[in-house]
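Here is my input, please return the structure:
(one chain, ligands or ions: 1)
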Amino acid sequence: MATVETVKGPVAVEDLGPTLMHEHVFVLSTEHVQNYGEGSWWDEEAEVANAVAKLNELAATGIKTIVDPTVWGIGRYIPRIQRIASQVSVNIIVATGLYVYEELPHQYAYRGPGLLLDIPEPMVADFSGDIRTGIAGTGVKAAFLKCVVEAQGLVPAVERINRAVARTSVETGAPITVHTSSPAQSGRLALDLFRKEGVDLTKVVVGHAGDSNDLDYLMELADTGAILGMDRFGLDVFNPTANRVATIVSLVERGYADRIVLSHDASCFIDYYGGMHHLVGETMPNWNYLHIGNDVLPALRAAGVSEEQINQMMVDNPRRYFS
Ligand SMILES: [Zn+2]
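Numbers count the residues shown, from 1 in each chain. Here you go, the predicted structure:
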């Protein structure tokens, strides 16, 4: 039987169960927290305990798995995630890749084909090492790849990262989640690049597709075989829940329930507000792990989406993605 790597080791894909396909545990930059958070707004023990409580609360609603695309660029730190995973029942699946909108980290700028240190693409070596042997000596293996094509498009750094992710996917079979800009419709650019690199597009989630209500754009993406990430429920600032729900209903009516996954892109702690982090919940009250179960699924049911179709989006599609 096929298995997928989680923080606590391999799990049979049949056992993933209801899955939120894009949630962060922490979005917390190491340099930020080490220079401004410690001794100020960051309390490691309290935040670990808070994350454990939130994930146990989520598990009590029937969610069995969260898929966490936190990579370098938004603060991946696996030892902290291991501490939390050991205290919760929910499976946590982690990623490799790079979260960059425009500029390469200096650590890759001088190493690579044709560069000062002329070596094979080091990102492919790093990403595939995370998948095959584990992340930074923790033994935890990444089960999927994460990259970004934002509104800036395929600027050189972003193109290089996306090609490295695509090549790693082809070499290892690991699926991809790509953060995209729905206003700029950059999902199109990402899928076109992946297709040219030989990626199996049925193993790609177009992240943040749910920020769009443009059915022509969304169907164009899904018609490639790719999966639509309707994954920012609660981020009303980008698209309110009622619109997100109406768009999913329209897509399901058109036969796309087998290419939709649901999530919030929420976290237990995000450092974007720095010392004003307590305002995250005030400014975005629905942006938490429970909004889909409490509000979105009832709204989908009321609009005529069947239990079987909800099961496709929450269980079958995640299982297929990781198979
Ligand atoms: Zn995210």
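
Just the strands from the stretch 51-200 of the chain, written as ranges.
65-68, 91-97, 144-149, 176-180 (DSSP state E, counting those that start in this stretch).

what distance separates the first one from the centre of its chain?
In terms of C-alpha atoms, centre = their mean, to the nearest Å, the gap separating the centre of strand 65-68 from the centre of its chain is 8 Å.

partners of that strand in the sheet?
Using DSSP bridges, the strands paired with strand 65-68 are strand 19-20 (parallel), strand 91-97 (parallel).

What's the first helix or strand after the shortest one?
It stands for strand 19-20. In the C-terminal direction, the helix or strand that comes right after strand 19-20 (DSSP states H and E) is strand 26-27.

Pull up the gap between Val155 and His106, please.
Using C-beta to C-beta, to the nearest Å, one gets 16 Å for the distance from Val155 to His106. In short, each C-beta sits where N, CA and C put it, glycine included.

So which of these two has more stuff around it?
Per other C-beta atoms under 10 Å, whichever of Val155 and His106 has more neighbours is Val155, with 14 against 8.

Excluding residues flanking it in the chain, which one is nearest the more buried one?
Leaving aside its sequence neighbours, Val155 sits nearest to Glu102 (C-beta to C-beta, 6 or more residues apart in numbering; 5.6 Å).

List the contacts of Asp265.
By C-beta atoms under 8 Å, 6 or more residues apart in numbering, Asp265 lies in contact with His22, Glu23, His24, His208, Asp231, Arg232, Leu235.

contacting residues around the helix or strand bottoming out on mean pLDDT in the chain?
Least confident helix or strand, the chain: helix 279-283 with a mean of 93, by mean pLDDT, DSSP states H and E. If you take C-beta under 8 Å, 6+ apart as the criterion, helix 279-283 is touched by Ile270, Tyr273, Trp287, Asn288.

ok, now stretch 68-77?
Contacts for stretch 68-77 (C-beta under 8 Å, 6+ apart): 22-30, 33, 81, 92-100, 105, 135, 144, 146, 177, 179, 207, 271.

Going through those, which ones are buried?
Among these, those buried by neighbour count (16 or more other C-beta atoms under 10 Å) are 22-29, 33, 81, 92-100, 135, 144, 146, 177, 179, 207, 271.

Which stretches in this protein count as helices?
30-32, 44-59, 78-85, 106-109, 122-132, 156-172, 187-196, 215-222, 241-253, 279-283, 291, 297-302, 307-311, 317-321 (DSSP state H).

Minimum distance to Glu5: which of the ones you listed has it?
Closest to Glu5 of these is helix 122-132 (C-beta to C-beta; 8.1 Å).

Can I get that closest one as PDB, trimmed to CA atoms?
The C-alpha trace of helix 122-132 is given here as PDB (Å, rounded to 0.1, in the frame of the first residue of the first chain):
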ATOM      1  CA  PRO A 122      22.200  22.800  -5.700                       C
ATOM      2  CA  MET A 123      18.500  23.400  -5.100                       C
ATOM      3  CA  VAL A 124      17.700  20.000  -6.700                       C
ATOM      4  CA  ALA A 125      20.300  18.400  -4.400                       C
ATOM      5  CA  ASP A 126      18.900  20.100  -1.300                       C
ATOM      6  CA  PHE A 127      15.200  19.500  -2.100                       C
ATOM      7  CA  SER A 128      15.700  15.800  -3.100                       C
ATOM      8  CA  GLY A 129      17.800  15.300   0.000                       C
ATOM      9  CA  ASP A 130      14.900  16.600   2.200                       C
ATOM     10  CA  ILE A 131      12.600  14.100   0.400                       C
ATOM     11  CA  ARG A 132      14.900  11.100   0.300                       C
END
